[in-house]
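Novice: just to be clear, the model below is a prediction. Sequence and coordinates:
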Protein chains: 2
Amino acid sequence: MNFCNQCGKPVEFRVPPGDHLPRYVCSHCGTIHYLNPRIIAGCVPDHEGRVLLCRRAIEPRLGFWTFPAGFMENRETVQQAAARESLEEAQAHVQIGSLLAIVHVLEANQVHMFFRAILPRAEFGPSPESLEVGLYAESAIPWGDIAFPSIEFALRHYFADRAAGREDHHFTTAERRPRM
Amino acid sequence: MNFCNQCGKPVEFRVPPGDHLPRYVCSHCGTIHYLNPRIIAGCVPDHEGRVLLCRRAIEPRLGFWTFPAGFMENRETVQQAAARESLEEAQAHVQIGSLLAIVHVLEANQVHMFFRAILPRAEFGPSPESLEVGLYAESAIPWGDIAFPSIEFALRHYFADRAAGREDHHFTTAERRPRM
């Protein structure tokens, strides 16, 4: 951040009075610009035991696999965001279920919130964000080509909980990208 | 938002190519400025059956009651944010427990995430953000003077779950302020 988005003058990076962290501060109009983590919302759509995965058509991690997920927008719930991403990325109409995972990706300033979901009909397709979309049994998941550690974390717990007849939720802190 | 925080030129509010929602877009440098919901993290600190409440020293809702909660910062987990807010607002060192509530406050573009917590020692005090801080039994909660609907929602479920011996988590969409 270089300029104040309110008045257009240059900002300084300093600790405002009464605060404890440096912020981007506009000395001209007094606006303090707070930067906060963003929420990524997603879901694991299940159709008769197989889960919907998308091969990414965009960077980062183009060509790698994920379930539908993306930035939560203003004026929607996390569940609505997860359903919207399924529609946008995979043309899939899902019913959002229980909370599956909350993953902190500290280096990206993101909180990933993932849900279980039902895909009632096996209707889906590619999109500008997905090269291909398909239903995968647990034994067919391309574990070596999953796009992000948070996605793998959620998928692993999804199958483990399903096998155990549970619907728990799981917290962790994960890396932004897989370690090579 | 009036100006681009990257180059300082005026922004336009329009739908970028390939997008479906209007964004603040800089025609000069091409930056798209996304606005996303912010996370409020908080907890219900319990000391031997009584919970820690703070009377707000700042607007909005100055003089009304809340448990410790505030904006999550970058580079911390939601649980770390909740514990930090307890320390800042109430001088209270807490141990964060299970997820209690996730509340969407759509009109404020906020997601409130609240946890159960243990306050091991009855040590706490006021702060620049809290006029007074105290431990309250369920029967002594000032229900008519709770600062925000999300706080009341979480407190109600906290006591109901405790009475039932459960630690569930609860989703809802709430108003920003109590209806008068």
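Specialist: Thanks, I have it. These numbers were taken from a predicted model, which means no experiment stands behind them.
Novice: domain parsing for chain A?
Specialist: Chain A is divided into the following domains under automatic domain parsing: A:1-35, A:38-173.
Novice: pick out the residue nearest the middle of chain A.
Specialist: Nearest residue to the geometric centre of chain A (C-alpha atoms, centre = their mean): A:Ile40, 3.1 Å.
Novice: beta partners of that residue?
Specialist: Beta-bridge pairing of A:Ile40 under DSSP bridges involves A:Phe71, A:His112.
Novice: where among the domains of chain A is the average confidence lowest?
Specialist: Mean pLDDT per stretch puts domain A:1-35 lowest among these, at a mean of 94.
Novice: which parts of chain A are strands?
Specialist: Using DSSP state E, the strands of chain A run over A:12-14, A:23-25, A:32-33, A:38-47, A:50-56, A:65-66, A:69-71, A:95-105, A:110-118, A:130-136, A:170-173.
Novice: distance of A:Ala57 from A:Ile39?
Specialist: Distance, A:Ala57 to A:Ile39, using C-beta to C-beta, to the nearest Å: 22 Å. Where C-beta positions appear, they are placed from N, C-alpha and C, glycine not excepted.
Novice: the residue nearest to the centre of chain A touches A:Ala69, doesn't it?
Specialist: Yes - in this structure, A:Ile40 is within contact of A:Ala69 by C-beta atoms under 8 Å, at 5.6 Å.
Novice: quick one: common contacting residues for these two?
Specialist: A:His112 (C-beta atoms under 8 Å, 6 or more residues apart in numbering or on different chains).
Novice: tell me the contacts of the closest residue to A:Gln91 other than its chain neighbours?
Specialist: Here the nearest residue to A:Gln91 in space, its sequence neighbours aside, is A:Gly125; by C-beta to C-beta, 6 or more residues apart in numbering or on different chains that works out to 4.3 Å. Neighbour list for A:Gly125: A:Ala90, A:Gln91, A:Val133 [criterion: C-beta under 8 Å, 6+ apart].
Novice: which one (most neighbours) among these?
Specialist: A:Ala90 (26 neighbours; other C-beta atoms under 10 Å in any protein chain shown).
Novice: sounds good, over and out.
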